[in-house]
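S.K.: Kindly generate the corresponding structure for this input.
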Amino acid sequence: MLCDHFFVMNNLLFAQKFPFTQIAKNVLKDLDISIDDVSESAIKKAALIVSRSFSGEKLNFDLINPSKSALELDIISFPIAKMFVSSMKTNNMVEKFSFFYFKNTFNNLVDSDSSFDLSLRLADDFGLKYVLTEEKGFVEVDLLDYLKIFFVDNESKVVNKQVYNGKVLLNQNDFARFLSELAYSKVFSSLPIPLNQIPKRISFLSKSIDSQLIVMEKKSFDLKLVGKIEPNFFPPCMLALYNDQLAGKKLTYSARLALASFLYQVGMNKTELMTLFSKSPDFKKSVSDYHVSRIFEKELSAPGCQKMTEYGLKVNECGKSCKYKHPMQFYLSKLRISNRIKNAQKGGGE
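M.R.: Numbers count the residues shown, from 1 in each chain. Predicted coordinates for the structure are as follows:
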């Protein structure tokens, strides 16, 4: 009985760390829980996973003598989280969710007291073909198998590895990174789940998570710009474009160029611009990098209000609150007023 208990707990601990594995699927099958019977605790944990994967934070499990029920709760939350992600409209959520498990897998492997043994167990679960070398802690995998990964981490690239006779030689750290890439691939390839397979209850809750994440992202992005630019001082046309871009909506070429050149003029750097435009549903890094670099090299100015009108980018609020001929005039005017108020308050305080 004691041996059986150890075996069960060992599998549960493994499935908690790697919920995308066959062992985890077997655990869920044995639990035989209907989606309608999933507890509120499991749903809350799933929402937490989605939130952490969105923000790039680490999810800490209770690893000190966790109970069987606590482990089962963590395992159940994974497929619920996948349903949330599949129902959401937040831009790049599938990639962020998959990368969350790339990092989680790598950390769990390298932080383990028996890192290499755990890596071998995960490789066996994946059905990976590998050969242990005579030198302890090294494995060989077929080059063709290695090339199946997405290479989300530059360290995984073949150019950084020892390759000979169609084999890739991996040390413990390389092997853990490769398995993490396989984990990413496994999660990414399983998403999105068809919407007709997701209960209405989950789809409804996903909308709430969606809206909260959009607010979180806007606050987070704006905080990075403190002391550099003030989105609240943007003219209505640029504020509308900025908010649409931040929400991951697809802008026209003219809209993107107008917004990017305006943000360049108000002080946003190239990295921040690339981060902002990476939210586009059709984002291609090489294309965006070319256009953003061109703006900086040519020191392009934002189009004036007449051009914005010709481009169809003028909004209703423009006629109500903007009396200027160029977006920068509006921004600088608001900035000067704000600085005068701050200086006056500072003087009064002294």
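
S.K.: Low-confidence regions, the stretch 201-350 of the chain specifically.
M.R.: Within the stretch 201-350 of the chain, the stretches with pLDDT under 70 are 214-228, 343, 346-350.

S.K.: If we use 50, what do you get?
M.R.: 223-227, 350 (pLDDT under 50).

S.K.: Show me where it has its helices.
M.R.: 236-246, 253-266, 270-277, 285-298, 305-310, 316-321, 327-349 (DSSP state H, counting those that start in this stretch).

S.K.: Please apply the same query to the stretch 1-150 of the chain.
M.R.: Assigned by DSSP H, counting those that start in this stretch, the helices in the stretch 1-150 of the chain fall at 2-17, 22-31, 40-55, 68-87, 93-110, 115-126, 143-146.

S.K.: Kindly provide the distance from Ser288 to Ala260.
M.R.: 9 Å (CB to CB, to the nearest Å). C-beta coordinates here come from the backbone N, C-alpha and C atoms, glycine included.

S.K.: Identify the contacts common to those two.
M.R.: Phe277 (CB atoms under 8 Å, 6 or more residues apart in numbering).

S.K.: Can you tell me how far Phe116 is from Ser180?
M.R.: Taking CB to CB, one finds Phe116 at 14 Å from Ser180.

S.K.: just Ser293 next, same as before
M.R.: 32 Å.

S.K.: do the same with Phe84
M.R.: Taken as CB to CB, the span from Phe84 to Ser180 is 22 Å.

S.K.: do Phe61 as well
M.R.: In terms of CB to CB, Phe61 sits 17 Å off from Ser180.

S.K.: Between the two, tell me which one has more neighbours.
M.R.: Ranked by neighbour count (other CB atoms under 10 Å), Phe61 and Ser180 place Ser180 first, with 27 against 15.

S.K.: returning to what we had before: now tabulate the helices of the stretch 201-350 of the chain in CSV and tack on distance to Asn10 and mean neighbour count.
M.R.: Listed next are those as CSV, based on distance: least, CB to CB, whole Å; neighbours: other CB atoms under 10 Å:
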stretch, distance to Asn10, mean neighbour count
helix 236-246, 45, 20
helix 253-266, 52, 20
helix 270-277, 42, 16
helix 285-298, 42, 13
helix 305-310, 63, 16
helix 316-321, 61, 12
helix 327-349, 60, 13
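
S.K.: and the residue nearest the centre of the chain, what is it in contact with?
M.R.: Residue closest to the average C-alpha location in the chain (CA atoms, centre = their mean): Lys96, at 2.6 Å. Going by CB under 8 Å, 6+ apart, Lys96 touches 53-54, 56.

S.K.: contacting residues around Pro327?
M.R.: So Pro327 contacts 234-235, 237-238, 262, 302-305, 308 (CB under 8 Å, 6+ apart).

S.K.: rerun that using 10 Å as the cut-off
M.R.: Contacts for Pro327 were tallied using CB atoms under 10 Å, 6 or more residues apart in numbering; they are 234-239, 258-259, 261-262, 265-266, 301-305, 308, 318.

S.K.: Spatially, what comes nearest to it if we skip its sequence neighbours?
M.R.: Leaving out its chain neighbours, the residue that sits closest to Pro327 by CB to CB, 6 or more residues apart in numbering is Pro235, at 4.7 Å.

S.K.: Now do the contacts for the one you found.
M.R.: Taking CB under 10 Å, 6+ apart as the test, what Pro235 contacts is 262, 302, 305, 308, 315, 317-318, 321-322, 324, 326-331, 333-334.
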